[in-house]
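Asks: Need coordinates for the following:
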Amino acid sequence: MTSFLTSRRPLRGGMTGVAVAALVLATAACGGTTRGDEETTGGGGGAAAEANPDAEIPADLAVAFLPKQVNNPYFDTAAEGAEAAVSEFDGELTVTGPSEASASSQVSYINTLTQQGADVILTSANDPNAICGALDQARSAGASVVTFDSDTDPECRDLFINQATAEGIAQTQIDLIAEQIGGEGQVAFLSATANATNQNAWIEMMESYAAEEYPGIEIVATVYGDDEDQKSFQETQGLLATYPDLDGIISPTTVGIAAAARYLSSSEYKGEVALTGLGTPNQMREYVEDGTVQAFALWNPEELGYLASYAGAALAAGQITGQEGETFEAGELGEYTVEEGGVVVLGEPTVFTAENIGEFDF
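Replies: Predicted coordinates for the structure are as follows:
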């Protein structure tokens, strides 16, 4: 498996960003062996009884990309990876989604995609259960469902593309804040939404890991910016007003860490309150260069979208059924293996600092 960020290579050249203006749902392709065709070879909805590793990816496969919210730089980058993968196997990509990352905001989009006959639905769930009914209907209609970034109840999808192990993500963030505050002090979390599956899992693991490895760290609060820039900015202000002795903030969300960094960079707390979490290099570059942030982490979201697309195509083709131990090829990223619970892990998080951030552009 290729190590993503450490490779520091562009996924491919000449690919344009996914224009939100083009979010109008396209009519699903019906040619070739895509869903609705009697010659369909895949296991849409995870229904294939036996995998055929040699099966060809159907031509004109209709792939839908449904993030937590549109106009989010993190998901825009992931969509670019999905677009690249889909173009490689000659499919058709639709990108759509809500403008707000609320729990049930994705339901109507899933229903529309089902009505339009999407062969593959790639989605990052705002809530682990709120979209299950809609996804169940999509799978019953023949679609293969792949979650990425934030999972649903495993019963509601065929595969989950995990950006990194939850343990690795949690430990990396705690180690980073501990290093910056000398291993002790008050720390708060600035999360996304209260129901976000991945955020909540990471925070729970961070609390346990900090208690075990850094008993001098006191977790004083968890607040939610709802992945909105201004709300995250205001929540950062609120934390510092409520906890005047706060030593550090961990924001495991790209929107949150950027908003928190923007507030700290122009406040009296710059250099006094440490900030780390998960962010993109392009969003965080100025705050690393001006000394507001010493280090943060992330995986490559472009490769996350790329891998999710190939996983969906492998399901639709019948190359895999989602069972543990099955393998499939993901284009330039190479071979991946389905792990327990229908999980495929992209890789380990990379830490960005002033020394290496110039090597990345996403």
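Asks: Assign residue 221 to helix, strand or coil.
Replies: strand (DSSP: H, G, I helix; E, B strand; the rest coil).
Asks: Spit out the contact partners of it.
Replies: Contact partners of residue 221, counting by CB atoms under 8 Å, 6 or more residues apart in numbering, are 188-189, 239, 242-243. In short, each C-beta sits where N, CA and C put it, glycine included.
Asks: From residue 254, how far off is it?
Replies: For residue 221, the distance to residue 254 equals 20 Å [CB to CB, to the nearest Å].
Asks: Show me what the strand or helix carrying residue 316 is packed against.
Replies: If you go by DSSP states H and E, residue 316 is part of helix 301-317. Applying 3 or more CB pairs under 8 Å, 6 or more residues apart in numbering; DSSP states H and E, one finds that helix 301-317 contacts strand 62-66, helix 73-88, strand 120-123, strand 144-148, strand 159-162, strand 327-329.
Asks: distance between stretch 310-322 and the chain's centre?
Replies: Stretch 310-322 sits 20 Å away from the centroid of its parent chain (CA atoms, centre = their mean, to the nearest Å).
Asks: Just the CA atoms of that stretch, as PDB, please.
Replies: Extracted C-alpha coordinates of stretch 310-322, given in PDB (Å, rounded to 0.1, in the frame of the first residue of the first chain):
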ATOM      1  CA  TYR A 310     -12.300   2.600  -6.400                       C
ATOM      2  CA  ALA A 311     -13.800   0.600  -3.500                       C
ATOM      3  CA  GLY A 312     -17.300   1.500  -4.700                       C
ATOM      4  CA  ALA A 313     -16.400   0.400  -8.200                       C
ATOM      5  CA  ALA A 314     -14.900  -2.900  -6.900                       C
ATOM      6  CA  LEU A 315     -18.200  -3.500  -5.100                       C
ATOM      7  CA  ALA A 316     -20.300  -2.600  -8.100                       C
ATOM      8  CA  ALA A 317     -18.200  -4.900 -10.300                       C
ATOM      9  CA  GLY A 318     -18.400  -7.800  -7.900                       C
ATOM     10  CA  GLN A 319     -14.600  -7.900  -7.400                       C
ATOM     11  CA  ILE A 320     -15.400  -7.800  -3.700                       C
ATOM     12  CA  THR A 321     -18.500  -8.200  -1.500                       C
ATOM     13  CA  GLY A 322     -17.200  -6.400   1.500                       C
END
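Asks: how much space between residue 167 and residue 204?
Replies: From residue 167 across to residue 204, the span is 11 Å (CB to CB).
Asks: go on, residue 146?
Replies: 24 Å.
Asks: give me every residue that touches the residue nearest the centre of the chain.
Replies: Closest residue to the average C-alpha location of the chain: residue 149 at 2.7 Å, with CA atoms, centre = their mean. Listed by CB under 8 Å, 6+ apart, the contact set of residue 149 reads 67-68, 75, 78, 124, 161, 163, 198, 301, 304.
Asks: Please apply the same query to residue 202.
Replies: So residue 202 contacts 166, 169-170, 173, 252 (CB under 8 Å, 6+ apart).
Asks: before we move on, what about residue 239?
Replies: Contacts for residue 239 (CB under 8 Å, 6+ apart) come out as 188, 190, 221, 223, 246, 249.
Asks: can you do 7 Å?
Replies: Contact analysis of residue 239 by CB atoms under 7 Å, 6 or more residues apart in numbering lists 188, 221, 223, 246, 249.
Asks: Same question for residue 53.
Replies: Per CB under 7 Å, 6+ apart, neighbours of residue 53: residue 319.
Asks: how near is residue 295 to residue 165?
Replies: 19 Å.
Asks: Tell me which of the two has more neighbours.
Replies: residue 295 (23 against 17; other CB atoms under 10 Å).
Asks: Tell me how many other residues surround the residue nearest to the more buried one when sequence neighbours are not counted.
Replies: Nearest-residue entry for residue 295: residue 353, 4.7 Å, with adjacent residues in sequence omitted and distances by CB to CB, 6 or more residues apart in numbering. Using other CB under 10 Å, residue 353 is surrounded by 12 other residues.
Asks: I figured residue 353 hits residue 297, correct?
Replies: No - the pair residue 353 / residue 297 is not scored as a contact, 10.0 Å apart, by CB atoms under 7 Å.
Asks: Can you name the residues that contact residue 296?
Replies: Applying CB under 7 Å, 6+ apart, the residues near residue 296 are 257, 276-279, 284, 352.
Asks: ok, 8 Å please
Replies: Residue 296 makes contacts with 176, 257, 275-279, 284, 288, 351-352, as judged by CB under 8 Å, 6+ apart.
Asks: Out of those, which end up buried?
Replies: Neighbour-count burial (16 or more other CB atoms under 10 Å) is assigned, among the contacts of residue 296, to 176, 257, 275-279, 284, 288, 352.
Asks: Now for those residues: which two are most distant?
Replies: Greatest spacing in the buried ones among the contacts of residue 296, by CB to CB: 278 and 288 (14.0 Å).
Asks: so how far is stretch 306-319 from its chain's centroid?
Replies: Distance of stretch 306-319 from the chain centroid (CA atoms, centre = their mean) equals 17 Å.
Asks: No more questions from me, cheers.
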